[in-house]
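A.B. asks: how would this look folded up:
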Amino acid sequence: MIGLLLTVKVPWGAVAAGWATVIVITLAAAGPAVARLARREPRELLGSMKG
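C.D. replies: Numbers count the residues shown, from 1 in each chain. Down below sits the predicted model:
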C-alpha cells in the first residue's frame, strides 16, 4: 500500500443523470398534490387551518 497512488475521478455524467432523475421523480410525486391545491380558492385554504 505504501507508494501506491490512488486517484478518484468523479463520474460527473452519472452524478448529473442521477440528480436529474431524483428531481424529476420528486416533481412527479408532488404534481398531483400541487394540482389539487391550485384548484382551491384562497379562502378554502385559509379556512382549513382553523380546524
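A.B. asks: give the next helix or strand downstream of whichever strand or helix holds residue 16.
C.D. replies: If you go by DSSP states H and E, residue 16 is part of helix 12-39. On the C-terminal side of helix 12-39, the closest following helix or strand by DSSP H and E is helix 42-47.
A.B. asks: mean confidence score for that next one?
C.D. replies: Helix 42-47 shows a mean pLDDT of 78.
A.B. asks: check the offset of that helix from the chain's centre.
C.D. replies: Distance, stretch centre to chain centre, for helix 42-47: 27 Å (CA atoms, centre = their mean, to the nearest Å).
A.B. asks: for that helix, list the C-alpha coordinates in CSV.
C.D. replies: Taking Å, rounded to 0.1, in the frame of the first residue of the first chain, the C-alpha atoms of helix 42-47 are listed here in CSV:
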residue,chain,number,x,y,z
PRO,A,42,-57.5,31.0,-1.1
ARG,A,43,-60.5,31.3,1.3
GLU,A,44,-60.8,27.5,1.4
LEU,A,45,-57.1,27.1,2.1
LEU,A,46,-57.0,29.7,4.9
GLY,A,47,-60.2,28.3,6.4
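A.B. asks: what residue ranges in the chain are flagged as low confidence?
C.D. replies: Where the chain drops to pLDDT under 70, the residues are 1, 49-51.
A.B. asks: count the neighbours of residue 19 for me.
C.D. replies: For residue 19, the count of nearby residues is 10 (other CB atoms under 10 Å). Every residue, glycine included, has its C-beta placed from N, CA and C.
A.B. asks: can you offset everything so residue one is 47?
C.D. replies: Taking 47 as the first residue, the last one we looked at is residue 65.
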